[in-house]
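Participant: Need a 3D model of the following:
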Amino acid sequence: MEQAAGVVRVVARARAAEGVCPRCGTASARVHGRYERSLGDGPIGGSVVLIRLRIRRFLCLKPDCEAVTFAEQIPGLTSPHARFSPLRLEAMRAIARALAGRAGARLASMLAMPVNRMTLLRLLRGLPEPRLISAPTVLGVDDFALRRGHVYGTVLLDMDTRRPVDLLPGRTASTFAAWLRQHPGAQVICRDRAGSYADGARTGAPTALQVADRFHLWHNLAEVVDKTVHAHRSCLQAGPQPDQEEFEPPPAAALQPGLLDVSGRERRLVVRTVERHAAVHSLLADGESLNAISRRLGLAFRTVRRFAQAEAADELLAGAVHRPSKLDEYKPYLTRRWNEGCRNGARLHEEIQADGWNGAARTVQRYVNTFRGHAIAPPAPSPPPKPRHLTTWIMSHPDGLVPDNSVRLKAAIEECPELRALTGHVRDFGQMMTNREGHRLNEWIAAATADQLPHLCSFARGLRHDHAAVSAGLTLSHSSGAVEGTVNKIKMLKRQMFGRANFDLLRIRVLHAL
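Facilitator: As a prediction, the model looks like this:
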């Protein structure tokens, strides 16, 4: 043995008197020749270990054996054609499972086991594939993106052990159904709201009980609430009204807010939107298709479809004319300073600049211009809640809201009957989901449909179409939480390999590393 430059070199030979033929098992002491082979072993004290092993080649004494000669093997140290000891191989396989190629090679070098990244990938691909004869009793399924928006795969999970059992290319119903036919035995299938997995489970395992995940149901309902709140955001603009004896607004401000500019002229956006909406619906009444309208008006197809789906132009203008302003938080200060006698817009702009305002002076001047000609400015209305905040309040449990948000939510829904009805339905659904009251599903669907809220009715139709799975999801304890966690781990593995791994390598890492 010798040590130099961080490397321990060991020169050794076998002391056995004879070798055993690996083909026929016959012992032989007749030496045909000798040679040396190099082996990498586990590190010692942070030093690389290299073994120079002198090997004998024996003659097989059995005349009819196919192996005329054979090389001796040392148990626990050598194996045919291997350049690493079993200890070193197992350590490198563990590194490959955890980090794959480049990152694994860097870690192995730090651990005094230098290895090429391609060697680690070969070891990873050489791992035995898990054999699965039958599907788990409770099976979880979900999709994951190999290339977001273009290429997807499917992960299958044993919900009892929470371990992935297989990865499938694609997320089609036929692929999932074929896997279920090849691996029978699934009694419960936990899935999201995707129709492809519902069809695949219905085809491949018709006797299995499908369970729709509660998280996805709640997420779908949150999307409904968000769309409805945005459609009724004009109802959120109501604020405290000024005393008419002290302040009389100019004629332009008496009209619908947001439709006119500060000079009393119609906003160009409003005029253009109203004209386009009228033109699209006029052509639709004449029997024109959306593609024909798109070509005729020079608009994108999606734009034409959006105009066609809106019954009134107000639905299209809600997001543009009722959006919050950066000046909203400074309006109470500007109103107070105006009433104190400061009527200079440039001076007011400088004052709020010191308080953090980074907008233009023209914006401040436009706001205070509405006060000119009046001795007292009206009290600035409190800024309306943002749609995303209102959506969060509606989706939250009433007991979990802070008092201020609870008051603002109550004030907002009192101004809009549609939002008030929506809030009631959301809370009923949350109670049904939390208390596992799946038997109330038909009652909830009927009540939600009766209020004629377009987005909520669409959600209710989807629940009715997937009634059995939704009812099971609202009744049983099964959920797809473990599958969602596995999808997040797959994302981590993809990023770790810089998104360059083939599907087969990603599949091996998921099945062996998670």
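Participant: Show me where the stretch 1-150 of the chain has its strands.
Facilitator: Assigned by DSSP state E, counting those that start in this stretch, the strands in the stretch 1-150 of the chain fall at 2-4, 7-13, 19-20, 27-28, 31-44, 47-59, 69-71, 138-147.
Participant: Next, the contact list for residue 211, please.
Facilitator: Neighbouring residues of residue 211 by CB atoms under 8 Å, 6 or more residues apart in numbering: 188, 189, 190, 191, 469, 472, 473, 476, 478, 479. (C-beta placed from N, C-alpha, C; glycine too.)
Participant: List just the nearest of those to residue 181.
Facilitator: Closest to residue 181 out of those is residue 189 (13.6 Å), distances taken as CB to CB.
Participant: quick check, the closest one in a strand?
Facilitator: Yes: counting by DSSP: H, G, I helix; E, B strand; the rest coil, residue 189 falls inside a strand.
Participant: want to throw the contacts of residue 211 into CSV with neighbour count?
Facilitator: Shown next, in CSV, are those (neighbours: other CB atoms under 10 Å):
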residue, neighbour count
188, 18
189, 28
190, 27
191, 26
469, 24
472, 17
473, 27
476, 15
478, 19
479, 18
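Participant: Reformat the residues you listed into TSV and put pLDDT and distance to residue 451 next to each item.
Facilitator: Formatted as TSV, the contacts of residue 211 follow (pLDDT from 0 to 100; distance: CB to CB, whole Å):
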residue	pLDDT	distance to residue 451
188	93	34
189	94	33
190	93	31
191	91	29
469	92	25
472	92	26
473	92	24
476	91	29
478	90	31
479	88	29
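Participant: which one of the residues you listed is nearest residue 433?
Facilitator: Residue 433 has its nearest neighbour among the contacts of residue 211 in residue 473, at 8.4 Å by CB to CB.
Participant: wait, isn't that closest one in contact with residue 220?
Facilitator: No: Residue 473 lies out of contact with residue 220 (CB atoms under 8 Å); the separation is 11.7 Å.
Participant: quick revisit: dump the strands of the stretch 1-150 of the chain to a markdown table, plus mean neighbour count.
Facilitator: Shown next, in a markdown table, are the strands of the stretch 1-150 of the chain (neighbours: other CB under 10 Å):
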| stretch | mean neighbour count |
| --- | --- |
| strand 2-4 | 10 |
| strand 7-13 | 14 |
| strand 19-20 | 19 |
| strand 27-28 | 16 |
| strand 31-44 | 14 |
| strand 47-59 | 17 |
| strand 69-71 | 18 |
| strand 138-147 | 20 |
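Participant: closest to residue 274 out of the ones you listed?
Facilitator: strand 138-147 (40.4 Å).
Participant: Strand partners (parallel or antiparallel) of that closest one?
Facilitator: Strand 138-147 pairs in its sheet with strand 151-158 (antiparallel), strand 188-191 (parallel), by DSSP bridges.
Participant: Got the confidence number for residue 117?
Facilitator: Among the per-residue scores, residue 117 shows a pLDDT of 89.
Participant: What of residue 194?
Facilitator: Model confidence at residue 194, given as pLDDT, is 84.
Participant: residue contacts, it?
Facilitator: 143, 171 are the contacts of residue 194 under CB under 8 Å, 6+ apart.
Participant: can you tell me how far it sits from residue 481?
Facilitator: Counting by CB to CB, to the nearest Å, the gap between residue 194 and residue 481 amounts to 17 Å.
Participant: Next: residue 418.
Facilitator: Taking CB to CB, one finds residue 418 at 33 Å from residue 481.
Participant: neighbour-wise, which of these two wins?
Facilitator: A count of neighbours by other CB atoms under 10 Å puts residue 418 above the other of residue 418 and residue 481, at 18 against 15.
Participant: What is the burial count for residue 167?
Facilitator: So residue 167, with other CB under 10 Å, has 19 neighbours.
Participant: Please apply the same query to the one 10 residues further on.
Facilitator: Look at residue 177: counted by other CB under 10 Å, it has 20 neighbours.
Participant: doesn't it fall inside a helix?
Facilitator: Yes: going by three-state DSSP, the assignment for residue 177 places it inside a helix.
Participant: Of the strands of the stretch 1-150 of the chain, give the one that comes closest to residue 90.
Facilitator: Of all the strands of the stretch 1-150 of the chain, strand 31-44 sits nearest to residue 90, with 9.2 Å by CB to CB.
Participant: Pull out the CA atoms of the closest one and give them to me as PDB.
Facilitator: Only the C-alpha atoms of strand 31-44 are listed here, as PDB (Å, rounded to 0.1, in the frame of the first residue of the first chain):
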ATOM      1  CA  VAL A  31      -3.200 -21.500 -14.200                       C
ATOM      2  CA  HIS A  32      -3.400 -20.400 -17.800                       C
ATOM      3  CA  GLY A  33      -2.100 -16.900 -17.300                       C
ATOM      4  CA  ARG A  34      -2.100 -13.800 -15.200                       C
ATOM      5  CA  TYR A  35      -3.000 -10.100 -15.700                       C
ATOM      6  CA  GLU A  36      -3.800  -7.000 -13.600                       C
ATOM      7  CA  ARG A  37      -7.100  -5.100 -13.300                       C
ATOM      8  CA  SER A  38      -7.800  -1.800 -11.600                       C
ATOM      9  CA  LEU A  39     -10.700  -1.400  -9.200                       C
ATOM     10  CA  GLY A  40     -12.000   1.800  -7.600                       C
ATOM     11  CA  ASP A  41     -13.100   1.200  -4.000                       C
ATOM     12  CA  GLY A  42     -14.800   3.400  -1.300                       C
ATOM     13  CA  PRO A  43     -12.700   6.300   0.000                       C
ATOM     14  CA  ILE A  44     -10.500   6.100   3.100                       C
END
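Participant: thinking again about what came up before, of all the contacts of residue 211, which comes closest to residue 204?
Facilitator: Scanning the contacts of residue 211 for proximity to residue 204, where the rule is CB to CB, the winner is residue 189, at 9.3 Å.
Participant: From residue 444, how far off is residue 427?
Facilitator: 11 Å.
Participant: of those two, who's got more company?
Facilitator: Legend: neighbour count by other CB under 10 Å for residue 427 and residue 444, higher for residue 444 (18 against 15).
Participant: Would you mark the buried spots in the helix or strand the more buried one falls within?
Facilitator: Per DSSP states H and E, residue 444 falls inside helix 441-450. Residues 441, 444, 445, 448 are the ones in helix 441-450 that count as buried (16 or more other CB atoms under 10 Å).
Participant: can you tell me which residues contact residue 292?
Facilitator: So residue 292 contacts residue 283 (CB under 8 Å, 6+ apart).
Participant: Relative to residue 282, how far out is it?
Facilitator: The gap separating residue 292 from residue 282 is 13 Å, by CB to CB.
Participant: between those two, what contacts are shared?
Facilitator: Common contact partners of residue 292 and residue 282 (CB under 8 Å, 6+ apart): none.
Participant: picking up where we left off before, out of the contacts of residue 211, which one sits closest to residue 236?
Facilitator: residue 473 (32.9 Å).
Participant: I'd like to know how far that closest one sits from residue 190.
Facilitator: From residue 473 to residue 190 the distance is 8 Å (CB to CB).
Participant: go on, residue 92?
Facilitator: 37 Å.
Participant: and if you look at residue 387?
Facilitator: 32 Å.
Participant: just to revisit the earlier point, what touches both of residue 473 and residue 190?
Facilitator: 211, 213, 479.
Participant: The last one belongs to a strand?
Facilitator: No: with the criterion set as three-state DSSP, the secondary structure at residue 479 is coil rather than a strand.
Participant: what phi and what psi does the backbone show at it?
Facilitator: phi -150, psi 170 (degrees, to the nearest 10).
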